[in-house]
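Student: here is my input, please return the structure:
(one chain, ligands or ions: 2)
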Amino acid sequence: MKSVTAKEMYNIDRKAMEDYHLSGVLLMENAGRAITEKVLKHLSKDSIVVVLVGAGNNGGDGFVIARTLANLGFQVNLIQIAFDQQIKGDAAEHKAIYLKFGYQMTQINQTDIYQDIIQSADVIIDAMLGIGFQGELKEPYRSIVKLINSLNKTVIAVDLPSGVPAETVDGPTLAVQADITYCIEAPKPSAFIERYANFYGEWETVEIGLPKSLLEACKTDVWTLDKVKQTLPKRDKHSHKGSHGRGLVIGGHKEMPGAVRLTATAALRSGVGLLTVGSTSDVLPIVASAVTEATYMDLTDPKLDFESRIQPFDAIAIGMGMGRSDLSRQWLDAVIESDKPIIIDADGLYFLKSHLAKLAERKAPTILTPHPGEMAMLIDQTIQYVKNNPFEVAKDFAKNYQVYLVLKGAYTIVTCPNGEQTINTTGNPGLAKGGSGDCLAGIILAQIMQKGSLKSSLANACYIHGLAADLAIEDHHSTTDLLATDLINFLPDAFRKCLN
Ligand SMILES: NC(=O)C1=CN([C@@H]2O[C@H](COP(=O)(O)OP(=O)(O)OC[C@H]3O[C@@H](n4cnc5c(N)ncnc54)[C@H](O)[C@@H]3O)[C@@H](O)[C@H]2O)[C@H](O)CC1
Ligand SMILES: [K+]
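Tutor: Ligands and ions are numbered 1, 2, ... in the order given. Okay, the predicted model is just below:
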C-alpha cells in the first residue's frame with residue numbers, strides 16, 4: 001500500500017484521464033460506489049443518512065453516494081454546502097444526474113433547517129472537503145463541523161475528514177471527527193501525523209479503478225505484512241553463524257546497564273549470527289549474567305586498541321544507555337570514522353550534532369534512530385515542529401546527510417538517502433516506555449546484516465518490533481503493563497507470523 005500526497009493524487013488523476021482515457025465522471029462514479037459499498041455495513045434498513053456535500057469533487061463523490069443509497073431504498077437527505085454556481089465540472093455532472101433521478105436536496109444558503117436535518121441523522125456522510133482543502137476552515141464549514149462533532153452520530157468521511165489537509169498546514173486544526181474514513185486508493189500523509197491522525201477514526205482504502213502502475217510509482221510505502229513476507233530473508237539450509245552477521249553493540253554505563261542488555265537480547269532473538277557487547281567494566285558482568293549467547297569487550301581496558309578491535313564486525317549499534325562521558329564520545333568518533341555500517345541511537349545521537357558534516361562522506365551506511373525530541377535537537381527545531389512535519393523533516397535530513405533515518409513515533413517513518421520513505425503501522429501505546437528503543441536498535445542491527453535491501457531490512461525491523469508488542473497485547477498483556485522485556489519475549493511469535 002502507498003501513502004499519496006495531494007500533488008501525487010492530482011497527477012495520477014490527470015494521467016488516468018489523459019493516458020488511459022478514464023474520465024473524471026467515471027472515476028467519481030467508481031469512488032462513490034466503492035464508498036457506498038463500505039457504508040452499507042454501517043446501515044440498517046431504517047437508517048436515516050445525511051450526506052453533506054461540499055463545492056469540489058469530494059462533494060461530487062457525495063452526490064454519487066447519495067444517489068446510490070437512495071436507489072437502494074435508504075432515506076437520504078443531501079445538504080449542499082455551496083452556491084449552485086460553485087458546483088462545477090464532474091461534480092456538476094453528478095449533481096445533474098442526482099436531480100434527474102428525482103432525489104431531493106437542501107441548500108444550506110437557502111434554509112436554516114439544515115441543523116435539524118443533521119440532527120435527525122443516524123449516519124452522517126462527510127463529503128464536504130477532500131484533498132483540495134487548504135488553509136483554515138471557513139464558514140459555513142466551521143459551524144457545520146462544530147455541530148457534527150457535538151452530536152453522537154456515526155460519522156463516515158469520504159477520502160479525508162473535512163478540515164484535515166492531505167499534508168501538514170500551519171495553523172490550528174478544526175476538523176470533522178470521523179468514526180471511519182474511506183480513503184480513495186491510498187491514505188494521505190496526514191493519516192500518520194499525530195495532530196491529524198485521530199480525526200480519521202479508523203481508516204480503510206477503497207479502489208476506484210486507477211491504473212496500479214501510477215500508484216506504484218509513488219515514493220511512500222505503508223509497510224504491510226505482505227511486504228514483510230515478500231522481503232524478510234529466510235535462512236538458508238546451509239547457512240552458518242558467519243552467514244548471519246557479526247554484530248557489535250556499544251553502550252551502557254553504570255546507571256543504565258539495562259539498555260545494552262535489551263539491545264543484545266533483541267539482536268540475538270532477531271537472527272544475528274554472532275554478537276559482542278562492548279561496555280564498561282562495571283556494566284559487563286551485569287549484562288553477561290543475563291545474555292548467555294553474547295561475547296564481551298571491556299571498553300574501559302586501558303590496553304584496548306578500539307580501532308582494530310572493531311574491525312572484524314559487520315555492523316555496529318552504538319549509543320544505548322551509553323552516557324555522555326568523554327570516553328563514550330571517543331567511541332562514537334572512532335565508530336563514525338570506521339567503514340562499518342552503523343546504527344546510532346540515544347546518547348550516540350546527542351554527540352552526533354558536531355559530526356553531521358562527516359556523515360555524507362562515510363563509506364558505509366549510517367542509520368540514525370531518533371525519537372522526535374532527538375530529531376528536534378539535531379535540526380534545532382521544536383519537537384512540535386518535528387511531529388507536525390515528520391515526512392518533510394525526515395526527507396530533508398536523510399538527503400542532506402545521506403543517512404537512513406528511522407524517525408520513531410506511533411507511525412515510525414524510515415527514510416532512505418534518496419528520499420524514499422516507508423511508514424510503519426504496527427505497535428501500540430505500550431511501547432511508549434524506556435527500553436522499547438533499545439530493543440528496536442537490536443532488531444535493526446540483526447536485520448541489516450541479513451540479505452535484503454537496507455530499506456526493507458529497516459522497515460521489517462520496525463514492523464516486527466511493533467508486531468511483537470501487538471501480539472503481547474493480544475495475548476495477556478495490556479498497553480499499561482507491557483515492558484520491553486515482554487516485547488522481546490514475543491519476538492518469536494512475531495517472526496513466526498512474518499516468516500510463515
Ligand atoms: N483520483 C482521485 O483521487 C479522485 C478524487 N475524487 C475526489 O475529489 C476530491 C478532490 O477534489 P477537489 O475538487 O480537488 O477538492 P475538494 O473537493 O477537496 O475541495 C475543493 C473545494 O473546497 C474549497 N476549499 C478549499 N479550502 C477551503 C477552506 N479552507 N475552507 C472552506 N472551503 C475550502 C475550495 O474552494 C473548493 O471549492 C478528492 O478528495 C476525492 O474525494 C474524485 O471524485 C474521483 C477521483
Ligand atoms: K471529506
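Student: pretty sure D90 contacts D61?
Tutor: No: when contacts are counted by Cβ atoms under 8 Å, D90 is not listed as touching D61 (9.6 Å). (Each C-beta comes from the backbone N, C-alpha and C, glycine too.)
Student: could you say what helices and strands the longest helix along the chain packs with?
Tutor: In the chain, taking DSSP state H as the definition, the longest helix is helix 454-475. In this structure, helix 454-475 packs against strand 220-223, helix 225-231, strand 404-407, strand 413-415, strand 421-424, helix 436-448, helix 484-489, helix 491-499, with contacts taken as 3 or more Cβ pairs under 8 Å, 6 or more residues apart in numbering; DSSP states H and E.
Student: the fifth one pairs with which strands, and in what direction?
Tutor: To tie it back to what came earlier, the one meant is strand 421-424. Strand 421-424 sits in its sheet next to strand 220-223 (parallel), strand 413-415 (antiparallel), going by DSSP bridges.
Student: for the shortest one, buried residues please.
Tutor: The one in question is strand 413-415. By 16 or more other Cβ atoms under 10 Å, the buried positions in strand 413-415 come out as 413-415.
Student: quick one: low-confidence ranges for the stretch 101-250 of the chain?
Tutor: 110-111 (pLDDT under 70).
Student: could you rerun that using 80?
Tutor: Applying pLDDT under 80 to the stretch 101-250 of the chain picks out residues 109-112, 169, 171-172, 239-243.
Student: what about the helices in it?
Tutor: In the stretch 101-250 of the chain, the helices defined using DSSP state H, counting those that start in this stretch lie at 114-119, 141-150, 194-197, 212-216, 225-231.
Student: and of those helices, who's closest to ligand 2?
Tutor: Nearest of these to ligand 2, taken as Cβ to the ion: helix 141-150 at 10.3 Å.
Student: the closest one vs ligand 2: in contact?
Tutor: No: applying Cβ under 5 Å from the ion, one finds helix 141-150 separated from ligand 2 by no less than 10.3 Å.
Student: what does that helix contact?
Tutor: 52, 54, 81, 108, 114-115, 118, 124, 126, 128-129, 137, 155, 162-163, 174-177 (Cβ atoms under 8 Å, 6 or more residues apart in numbering).
Student: list the buried residues of that helix.
Tutor: In helix 141-150, counting by 16+ other Cβ under 10 Å, buried: 141, 144-145, 148-149.
Student: going by distance to ligand 1, which of those wins?
Tutor: Closest approach between the buried residues of helix 141-150 and ligand 1, by Cβ to the nearest ligand atom: Y141, at 4.9 Å.
Student: name the nearest residue to whichever residue of the stretch 251-400 of the chain sits closest to ligand 1, ignoring sequence neighbours.
Tutor: Closest to ligand 1 within the stretch 251-400 of the chain is N388: 17.6 Å, counting by Cβ to the nearest ligand atom. Of all residues not flanking N388 in the chain, T168 sits nearest, at 5.1 Å (Cβ to Cβ, 6 or more residues apart in numbering).
Student: picking that back up, columns distance to Q421 on top of the buried residues of helix 141-150, output as JSON lines?
Tutor: Putting the buried residues of helix 141-150 into JSON lines (distance: Cβ to Cβ, whole Å) gives the following:
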{"residue": "Y141", "distance to Q421": "31"}
{"residue": "I144", "distance to Q421": "34"}
{"residue": "V145", "distance to Q421": "30"}
{"residue": "I148", "distance to Q421": "33"}
{"residue": "N149", "distance to Q421": "31"}
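Student: what's the neighbour count on the residue lying closest to A186 once chain neighbours are set aside?
Tutor: Excluding its sequence neighbours, the residue lying closest to A186 (Cβ to Cβ, 6+ apart) is V4, at 4.2 Å. Residues near V4, counting by other Cβ atoms under 10 Å, number 26.
Student: check contacts around K363.
Tutor: D339.
Student: interface residues of the stretch 51-200 of the chain facing ligand 2?
Tutor: Taking Cβ under 5 Å from the ion as the contact definition, the stretch 51-200 of the chain meets ligand 2 at 58, 126, 157-158, 162.
Student: which of the residues you listed has the most neighbours?
Tutor: Going by other Cβ under 10 Å, V158 tops those with 33 neighbours.
Student: for it, which non-adjacent residue is closest in space?
Tutor: A127 (4.4 Å).
Student: so what pairs up with the one you found in the strands?
Tutor: V53.
Student: dump the helices and strands packed on helix 454-475 into a markdown table; add distance to ligand 2 as well.
Tutor: Output for these, formatted as a markdown table (distance: least, Cβ to the ion, whole Å):
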| stretch | distance to ligand 2 |
| --- | --- |
| strand 220-223 | 20 |
| helix 225-231 | 28 |
| strand 404-407 | 28 |
| strand 413-415 | 25 |
| strand 421-424 | 21 |
| helix 436-448 | 35 |
| helix 484-489 | 37 |
| helix 491-499 | 35 |
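Student: so what's M449 closest to, chain neighbours aside?
Tutor: G245 (2.5 Å).
Student: from G437, how far out is the one you found?
Tutor: Separation of G245 from G437 (Cβ to Cβ, to the nearest Å): 21 Å.
Student: more neighbours: those two, which one.
Tutor: Neighbours per residue (other Cβ under 10 Å) separate G245 from G437, with G437 holding more: 25 against 22.
Student: contacting residues around the more buried one?
Tutor: Taking Cβ under 8 Å, 6+ apart as the test, what G437 contacts is 320, 345-346, 369, 371, 408.
Student: ok, now K399?
Tutor: 417-419.
Student: could you pull out the strands for the stretch 151-300 of the chain?
Tutor: In the stretch 151-300 of the chain, the strands defined using DSSP state E, counting those that start in this stretch lie at 154-158, 180-184, 202-206, 220-223, 246-250, 274-279, 295-298.
Student: what's the closest of those to A398?
Tutor: strand 220-223 (12.9 Å; Cβ to Cβ).
Student: let's have the buried residues of strand 413-415 in TSV, adding distance to I383 and pLDDT.
Tutor: Formatted as TSV, these follow (distance: Cβ to Cβ, whole Å; pLDDT from 0 to 100):
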residue	distance to I383	pLDDT
I413	15	98
V414	20	98
T415	18	98
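Student: state the distance from the residue of the stretch 251-400 of the chain closest to ligand 1 to ligand 2.
Tutor: Note on N388: its distance to ligand 2, by Cβ to the ion, to the nearest Å, is 21 Å.
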